[in-house]
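A.B. asks: What shape does this take:
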Amino acid sequence: MSSDEKPAAPRSLAEALRARDDGSLAALLRARPDLITPVPTDLTQLATRAGTRASVVRALERLDRFALQTAEALAVAADPASYEELLALMAGDAADRAVTAALPHALGTLRAQALVWGADDRLRLVRTARELLAPSPQHPSPTGLGPTVQEATAGMSPGRVQELVTAAGLTSTHDAVSAVTALTTLFTDRGRMAKLLGEAPAESREVLSRLVWGPPYGQVTADPAARLRWLLDRGLLLPTAPGTVVLPREVALHLREGRAHRSAEPSPPAVGAAATHRPQVVDATAAGQAYTALATVEELLKDWDEGGPAVLRAGGLSVRDLKRTAVALDVSEPVAAFWVELAYAAGLIASDNEADERYAATPAYDEWLEQPPAQRWTRLAQAWLGATRTPGLVGGRDAKERTLSALGPGLDRTAAPEVRHRVLTLLAGLPEGAAPSAEPVLARLRWERPLRGRQQDDDLRGRLARWTLTEAELLGMTGRGALSAHGRALLGAPAPKDAPGPPAESPVESPLESPLESPVESPLEPLTPAEQAVASVAAARLLAPLLPEPLDHVLLQADLTAVAPGPLQRPLADMLDVLADVESKGGATVYRFTPGSVRRALDSGRAASDLHAFLAEHSRTPVPQPLAYLIDDVARRHGHLRVGAASAYVRCDDDALLNEIMADKRAAGLRLRRLAPTVLATQADPAALLDGLRAMGFAPASESAEGDVLITRALAHRTSPRTAPEPVPDGPPAPDATLLTAAIRAIRAGDLASTTPRKPSATQPAGGDLPRTSAAETLATMQAAVLTGETVWIGYVNAEGSATQRVIAPVRVEGGFVTAYDHTADEVRTYPLHRVTGVAELAEPADD
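C.D. replies: Next up, the predicted model:
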């Protein structure tokens, strides 16, 4: 081929892919990773896979609205269509400047993803995409257009077609094909169509106006009204079935002024600031909420420390247990479900797999507690960002009308991580302190993934976006609706521009006046594991100075309460949890001392002197006298009664006290009987006896068989070591650079093997399938190739019985093996000759 000649236009998608460079192929495989799962053997197989229904649907779902509108316009255009025809359908007769400027990028997107191929004068939409997007009675086109005149008259009699031609004022033709062509020419001629419609009655024009934007189908009776008869006689409405008529595509396009869509959307909706706050306020608010998140998760796990709620038979948390958890955390049930699911996603809780299966903390929870607060937060936030489990679905119903429960099956939604990441990325694109409202964010997401929202009646992506905004605020990623500095760092987002962005209602500048490479800014890509680790360190470094320092003191008050003015150091908080009950939470936590809480501390092995010393050491105020009296009074009575196992017994040196118990009516349920002056026995178990006596106002203590007081300390229940649940992937993972390089090299080599011309032989013409050769012929051809240095084409069956074709350059033949440079694998390999099924010489390349 001469250097001045242009390359021939591709005749198939495979040829179009063959003309691409490696960078273009890598971009295709990165955008559509399902195409290399597994790696295709050659470019023909890659093209076939790119045209399968499942792959095309997945690619269409990932198009933005304007790119999808471009594909929809191609689906109703001629096949092939020129760029000018496509531009006319998108921009209309008015030649919209914004659409004209944005169309090359949209078409480039479709080409890059192998949904469109061919030169600008012969654009072809992939056949499967055309079938999905083209209009049909069963599946109307999103454009609202109907069939062409040629398609609508396919089953019409030639005589009826001639009648339509005559009624439209055209000259009769000698056959139906030319008659249809004449009608099509009339309907696409703007001047003649305007004249024809100018003669139409007003009622007929009203009918057309109702059908013009779709759906294009209407119902008529056997005897249509005059306004319909006028349209039917001239082919402006064509019958498609008994009682059904359709507006031909050419007529609709004339009425639409050439536009395929009522409104083309070349630019995404702007996401502007609904409110603006000082960045310091945003960061402080987010940090405060981040601390609350840590405290809430810790409180949840502390509540489940001795073994949490039971696991339902079908898996998950019962409605009653979720309500109990919500009350314990002082939050609503949906928020409680979020915290439970977050701890589960972070690997902090799991089921213990015991006979009576319950939820409990994992060993990872103890490790998490030992980390600095900022690192603990980044672990929770990273788990939330990547989790596919969706707490917002809790309480809803699945396809089988079963209630979805927290920690139960059916909560995974593969789109959740993508939506979370995209929503936060949109927030990261705003100036610091800018907080958008929800509606512009939802509008932007609908523009970026219109097909997914259209296919899901419940608008899952919209609900995911709303949940993301709410959960990000709960977690401390955002403060007052704006992305915090540590949240931005966790996403790996660059610092925002200082200049304020355009408001949501401001018009988008025309691409012609401000030429850009793309009308849509490139979204942030998800981080790799290594990048996530770096981002977590950066986020923790920004968050740490904003978190409150734990305090080593409380303020004791005369009303038997203690006020913690901030977060407490862990040993102090743990001791107060035993010695007092939490009365209220907030900026300050209020603890209340009661006889029961003091007895609980004594039961755990502390003496009264220990409690006095502890309070004196950690209180900034003197220990109030009522609190000191309460401790001494409970300690004096504590252990005076001893409870052991008989089934159970009560022992006391003071027989008068036992007489008092026996005479008390509240003891009737315990069924006590006297064994000795100082011993009472019952059939109840020791725990029930202890609870009964304590309810009566006594302070009994448990004792062992040897008579020693038993110290009751809660034992933390832990599951066996567990890993955090793996997110459910949304299709194949995106390939990395190493895989892409290897895959492209293998595809190129396989394509070389399948397309390289072969020399004709006596038994096989040139270009045919690989012939089967005898062992002697195979050996002779290999030896000749070693001497001449030629490359040959072989068929090879590996040890698993898989047959492949390879292009090799033999280097050495000995011992029943051939050592050769394998162009397909791009390396030197050794093959057993008995596994070579055939060999053929390659034809000499043609001279340029």
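A.B. asks: Residues contacting the lengthiest strand in the chain, please?
C.D. replies: In the chain, with assignment by DSSP state E, the single longest strand is strand 803-814. Residues outside strand 803-814 that contact it (C-beta atoms under 8 Å, 6 or more residues apart in numbering): 41, 749-750, 752-754, 756, 770, 779, 782-783, 785-786, 789-798, 818-825, 828-829, 831, 833, 837, 842. For glycine as for every other residue, the C-beta is placed from the backbone atoms N, C-alpha and C.
A.B. asks: and the gap between P215 and W447?
C.D. replies: As judged by C-beta to C-beta, to the nearest Å, P215 and W447 stand 24 Å apart.
A.B. asks: Counting neighbours, go ahead and name the busier of the two.
C.D. replies: Comparing P215 with W447 by other C-beta atoms under 10 Å, the one with more neighbours is W447, at 18 against 15.
A.B. asks: So the more buried one: helix, strand or coil?
C.D. replies: For W447, the assignment made with DSSP: H, G, I helix; E, B strand; the rest coil gives helix.
A.B. asks: Check Y359 too.
C.D. replies: Per three-state DSSP, Y359 ends up strand.
A.B. asks: Skipping its backbone neighbours, what lies nearest it in space?
C.D. replies: G308 (3.9 Å; C-beta to C-beta, 6 or more residues apart in numbering).
A.B. asks: what does T184 give?
C.D. replies: Leaving aside its chain neighbours, T184 sits nearest to V149 (4.9 Å; criterion: C-beta to C-beta, 6+ apart).
A.B. asks: Which pLDDT value belongs to A287?
C.D. replies: pLDDT for A287: 94.
A.B. asks: Tell me how far H618 lies from L560.
C.D. replies: Counting by C-beta to C-beta, the gap from H618 to L560 is 16 Å.
A.B. asks: The longest strand of the chain pairs with which strands, and in what direction?
C.D. replies: With DSSP bridges as the test, strand 803-814 is paired with strand 792-797 (antiparallel), strand 817-822 (antiparallel).
A.B. asks: Contacts for the last one next, please.
C.D. replies: Right, the one you point to is strand 817-822. With contacts defined as C-beta under 8 Å, 6+ apart, strand 817-822 is touched by 749, 782, 806-813, 827-833, 836.
A.B. asks: what pLDDT, on average, does the helix or strand encompassing L25 get?
C.D. replies: Assigned by DSSP states H and E, L25 belongs to helix 22-31. The pLDDT scores in helix 22-31 average 93.
A.B. asks: same thing with stretch 354-368?
C.D. replies: On average, the pLDDT along stretch 354-368 is 89.
A.B. asks: Show me the shaky parts of the stretch 651-800 of the chain.
C.D. replies: Regions of the stretch 651-800 of the chain meeting the criterion pLDDT under 70 cover residues 704-716, 753, 756-771.
A.B. asks: Which residues belonging to whichever helix in the chain runs longest are considered buried?
C.D. replies: Taking DSSP state H as the criterion, the chain has its longest helix at helix 279-303. Across helix 279-303, burial judged by 16 or more other C-beta atoms under 10 Å covers 279, 282-283, 285-291, 293-302.
A.B. asks: okay, the residue minimising distance to the centre of the chain: pLDDT?
C.D. replies: Central residue of the chain (C-alpha atoms, centre = their mean): A415, 2.4 Å from the mean position. Here, the pLDDT recorded for A415 equals 91.
A.B. asks: quick one: it from Q805, how far?
C.D. replies: Here A415 is placed at a distance of 41 Å from Q805 (C-beta to C-beta).
A.B. asks: Equivalent analysis for E432, please.
C.D. replies: 59 Å.
A.B. asks: Comparing these two, which shows the higher neighbour count?
C.D. replies: Taking neighbours as other C-beta under 10 Å, E432 and Q805 compare with E432 leading, 21 against 18.
A.B. asks: shouldn't the more buried one be in contact with V282?
C.D. replies: Yes - between E432 and V282 a contact is recorded at 7.4 Å, counting by C-beta atoms under 8 Å.
A.B. asks: Name the residues contacting each of the two.
C.D. replies: Both E432 and V282 are in contact with A482, A485, where contact means C-beta under 8 Å, 6+ apart.
A.B. asks: re the thing from before, ok, the residue nearest to Y359 - contacts?
C.D. replies: I349, R358, Y359, A360.
A.B. asks: Mind doing that once more with 7 Å?
C.D. replies: By C-beta atoms under 7 Å, 6 or more residues apart in numbering, the residues touching G308 are R358, Y359, A360.
A.B. asks: tell me the most buried of the strands paired with strand 803-814?
C.D. replies: Here the criterion is mean neighbour count by mean count of other C-beta atoms under 10 Å, and of these the winner is strand 792-797, at a mean of 21.
A.B. asks: Please identify which helix or strand holds T325.
C.D. replies: T325 belongs to helix 319-329 when elements are defined using DSSP H and E.
A.B. asks: Just the CA trace of that helix, in PDB.
C.D. replies: Provided in PDB are the C-alpha atoms of helix 319-329 (Å, rounded to 0.1, in the frame of the first residue of the first chain):
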ATOM      1  CA  VAL A 319     -36.900  -6.500  65.400                       C
ATOM      2  CA  ARG A 320     -37.100  -6.700  69.200                       C
ATOM      3  CA  ASP A 321     -33.300  -6.900  69.600                       C
ATOM      4  CA  LEU A 322     -32.900  -3.900  67.200                       C
ATOM      5  CA  LYS A 323     -35.400  -1.900  69.200                       C
ATOM      6  CA  ARG A 324     -33.500  -2.800  72.400                       C
ATOM      7  CA  THR A 325     -30.200  -1.800  70.900                       C
ATOM      8  CA  ALA A 326     -31.800   1.500  69.700                       C
ATOM      9  CA  VAL A 327     -33.000   2.200  73.300                       C
ATOM     10  CA  ALA A 328     -29.600   1.400  74.700                       C
ATOM     11  CA  LEU A 329     -27.800   3.700  72.300                       C
END
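A.B. asks: buried sites along it?
C.D. replies: Under 16+ other C-beta under 10 Å, the buried positions of helix 319-329 are D321, L322, T325, A326, L329.
A.B. asks: can you give me the mean pLDDT across whichever helix or strand comes after it?
C.D. replies: Counting by DSSP H and E, the next helix or strand C-terminal to helix 319-329 is helix 333-345. Here helix 333-345 scores 96 as its mean pLDDT.
A.B. asks: which strands and helices sit next to helix 333-345?
C.D. replies: With contacts taken as 3 or more C-beta pairs under 7 Å, 6 or more residues apart in numbering; DSSP states H and E, helix 333-345 sits against helix 279-303, helix 319-329, helix 373-386, helix 460-475.
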